[in-house]
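> I'd like to go over a predicted model; first the sequence, then the structure.
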Amino acid sequence: MKAMMLTGIRMMEMRDIPEPRVINPNDVKIKMSVLGICGSDIHYYTQGQIGSQKVQYPFTVGHEGAGVVVETGKSVKRVKTGDHIAIDPAMPCWECDQCLSGRHHTCRKLRFLGCPGQAEGCLMEYIVMPEESCFQLTGKLTFDNGSISEPLAIGVYAVKKAGNIKGINIGIFGYGPIGMSTMLALKVSDANNIYITDLIDERLSIAAKEGAVLCANPLKENIQEKIRQIEPLGLDLVFECCGKQEAFDQAIEILKPGGSLIVIGIPEFDNWSMNVELTRRKEISLQFIRRQVDCVEDTLEMMKNGSISIDNMVTHRFPFEKTKEAFDLVAGYNDGVMKAMIDF
């Protein structure tokens, strides 16, 4: 079968590799249909690593996938041959202290698609996953819904971790796919005004379509001043969704005393820094987000019942053989890209 593999920094080749086989009783073999390109894929493409997770070439990335079941192990019950499914890329052990406490997203032995040292990604024609990672696409749910359920579930989880957000004013700093996923999750809640910042004007236009009160580009205007014109006391909650120190600093500045900062973005550097006086005097609460736990089914249901629409998220599509072109587009933030999809 064909696999698109990283072979060096910003290097990628289509290679022939053995087709995976169903071995374990709970294995599900999937023919890939669509894959969304994630920011973490781009980190591996342009940097060769995320923190201590370093690529050993050749390596296949990709974890936002959906496809068709073509074979199952003898104990599989939740899906059958021919089913269209969303793929949760996480493969926990279900036995460690984290899994047993309900935190299988921080499993001690977690294997995750497209993560160096854990599992090859799904930028290939066929993959095999445990049935626990497979979720049926029913009703009007499409392969795009299935693929995007992965980043969208992170937004749903982040909003869940924020607690009661009824009536509060919220900022989303960084409006890429994760920022948009957070926005879509917030729209289902009872949040009050939502303020969006991003460096790409086309993404701000998408945010405006989704109902943001204010959309601002920090390269062109002072976002703190602009937000304070509407919210002179500051914001109650900010989601940092781009992994940039500048956005982190802007969030601390605009948060009101007692406010909360939720960090979802993955930075390219090793250490965050923070203003000690502001964070201490304001008594800022800080929460980091590690992927998601137990939110995929809820996310799929919200798309199925229409409370969340991804119509404005997918901006570009590429055939499998042009995956490198797609990665270069996303890595360069070109052409107003929000979410680029690979069609197999």
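Yep, that arrived.

> where do the helices of the stretch 51-200 of the chain begin and end?
Along the stretch 51-200 of the chain, the stretches classed as helices by DSSP state H, counting those that start in this stretch are 97-100, 143-162, 177-188.

> would you point out which residue is most central in this structure?
When the chain is reduced to its mean C-alpha position, the closest residue under Cα atoms, centre = their mean turns out to be P151, at 2.9 Å.

> right, and that residue touches G179 too?
No - contact between P151 and G179 fails when scored by Cβ atoms under 8 Å: they sit 10.1 Å apart. To be clear about C-beta, it is placed using only N, CA and C from the backbone, and glycine gets the same treatment.

> now M180: closest residue in space that isn't a chain neighbour?
In space, M180 comes closest to M313 once its chain neighbours are excluded; the distance is 5.8 Å by Cβ to Cβ, 6 or more residues apart in numbering.

> which element is encountered next along the chain beyond the strand or helix carrying R317?
If you go by DSSP states H and E, R317 is part of strand 314-319. Proceeding C-terminally, strand 314-319 gives way to helix 323-331 as the next helix or strand, assigned by DSSP H and E.

> neighbouring contacts of stretch 116-127?
For stretch 116-127, contacts defined as Cβ atoms under 8 Å, 6 or more residues apart in numbering pick out 1-5, 17, 19-20, 29-32, 35, 41, 44, 49, 53-56, 59-63, 65, 67, 70, 87, 89, 91, 110-115, 323, 342, 344.

> are any of those residues buried, and which?
The neighbour-count criterion (16 or more other Cβ atoms under 10 Å) marks 2-5, 20, 29-30, 32, 35, 41, 44, 55, 59-63, 65, 67, 87, 89, 91, 110-115, 323, 342, 344 among these as buried.

> where exactly do the strands run in the stretch 201-344 of the chain?
Listed in chain order, the strands found in the stretch 201-344 of the chain under DSSP state E, counting those that start in this stretch are 214-216, 235-240, 255-263, 285-288, 314-319, 339-343.

> so for the nearest residue to G179 once chain neighbours are set aside, what's the pLDDT?
Taking Cβ to Cβ, 6+ apart as the measure, G179 lies nearest to C241, with 3.8 Å between them; neighbours along the chain are not counted. Looking at C241, its pLDDT is 98.

> how many neighbours does C241 have?
33 (other Cβ atoms under 10 Å).

> just checking, it touches M183?
No - counting by Cβ under 8 Å, M183 is not a contact partner of C241; they are 9.2 Å apart.

> restricting to C-alpha, output stretch 79-92 in CSV.
Below are the C-alpha coordinates for stretch 79-92, written out as CSV (Å, rounded to 0.1, in the frame of the first residue of the first chain):
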residue,chain,number,x,y,z
VAL,A,79,-18.4,-1.6,14.4
LYS,A,80,-18.7,-3.9,11.4
THR,A,81,-17.4,-4.2,7.8
GLY,A,82,-18.7,-1.4,5.7
ASP,A,83,-19.2,1.1,8.5
HIS,A,84,-18.1,4.6,8.1
ILE,A,85,-16.2,5.6,11.2
ALA,A,86,-14.4,8.4,12.9
ILE,A,87,-11.0,7.5,14.4
ASP,A,88,-9.9,8.5,17.8
PRO,A,89,-6.1,8.5,17.5
ALA,A,90,-5.4,7.7,21.1
MET,A,91,-4.7,4.1,22.2
PRO,A,92,-4.5,4.0,26.0
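
> how distant is it from the center of its chain?
18 Å (Cα atoms, centre = their mean, to the nearest Å).

> for D335, give its distance to I310.
In this view, D335 and I310 are 19 Å apart by Cβ to Cβ, to the nearest Å.

> domain assignment for this structure?
The domain map for the chain lists 2-136+311-343, 154-288, with the assignment taken from automatic domain parsing.
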